[in-house]
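**Student:** what's the 3D shape of this:
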Amino acid sequence: MIGDRGRFLLLGSGEFEPWTADAERFALSGAAGDGLVAVLATASAREGEPVFERWTAMGLAHYESLGIDARAVRVRTRVDALDPGVAQQLDSVSMVFLSGGSPKYLAETLGGTPVWDSVQQVIERGGVFAGCSAGAMIAGASGLRFPFASGLGLLPATAIGVHWDALSAWWIRWLRDLAPRRLSAGMRFVGVAEHTAIASDGEDWRVFGSGVVDVRRGPERRAFGQGQRFPR
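**Tutor:** Residues are numbered from 1 along each chain as shown. I've put the predicted structure just below:
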């Protein structure tokens, strides 16, 4: 089961910004592969080509600023994701980074495709699955109801929430109160604040950034901040 041993980096918001440097270097430290990061802006593709290309360019520029090699893997549609040649571009990378946008579109585009198979193979051979916002949410458990329905099962017993401290948005206020209570008794909820990340090298989770991570299981609820760790 991937979720029992994989390397992950999940951001609540703020991908490709300077604050992520420590989290990304932690995630990549010891990761298998050629050291390269594959940048997939798939979740933004339905917003149009200029938006998709803007996020792609931001990702490449960000990794260049950190001295980390990166490659754009342009998966805009499910047709792209079904192409074995596109999937092959992930064969040797150390990290796959899925940036934000629509979690529903991202899950529907990637799920059950050669590209998604390759993403899982990256994790299985010791590389890193990384995602921000929509990209983080699809790592969560599969078969859940809204707002966690985009999970593709990499973390089979965990539901992921993002933008978790954005209280100006009515839907986040609603989600904070109600959504975690809709999960089954055996499911853990992890809500990641904006400009906050959790990273795991396969053992436990470590928190990076300026916000708080809200971790719940049944009636138990705990908060973790910068530098703190909590179990996988």
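
**Student:** Can you name the next helix or strand after the lowest-mean-pLDDT helix or strand in the chain?
**Tutor:** In the chain, no helix or strand scores lower on mean pLDDT, DSSP states H and E than helix 170-178, which sits at a mean of 66. Moving toward the C-terminus from helix 170-178, the next helix or strand (DSSP states H and E) is strand 188-192.

**Student:** I'd like the next helix or strand past that following strand.
**Tutor:** Past strand 188-192, the next helix or strand by DSSP H and E is strand 196-200.

**Student:** Mind listing the strands the helix or strand that comes right after that following strand pairs with, and their directions?
**Tutor:** Of the helices and strands lying after strand 196-200 in sequence (DSSP H and E), the nearest is strand 204-209. With DSSP bridges as the test, strand 204-209 is paired with strand 196-200 (antiparallel), strand 229-231 (antiparallel).

**Student:** Please identify the deepest-packed of the ones you listed.
**Tutor:** Burial among the strands paired with strand 204-209, expressed as mean neighbours by mean count of other C-beta atoms under 10 Å, is greatest for strand 196-200, which shows a mean of 27. C-beta: built from backbone N, CA, C; applies to glycine.

**Student:** Pull that one out as CSV, backbone CA atoms only.
**Tutor:** Taking C-alpha atoms only, strand 196-200 is exported to CSV below (Å, rounded to 0.1, in the frame of the first residue of the first chain):
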residue,chain,number,x,y,z
THR,A,196,1.7,25.7,4.9
ALA,A,197,3.0,22.3,3.9
ILE,A,198,3.3,18.8,5.3
ALA,A,199,6.1,16.6,4.1
SER,A,200,6.9,12.9,4.8
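
**Student:** For L154, give its distance to V213.
**Tutor:** Per C-beta to C-beta, to the nearest Å, L154 is found 18 Å from V213.

**Student:** wait, L183
**Tutor:** Distance, L183 to V213, by C-beta to C-beta: 16 Å.
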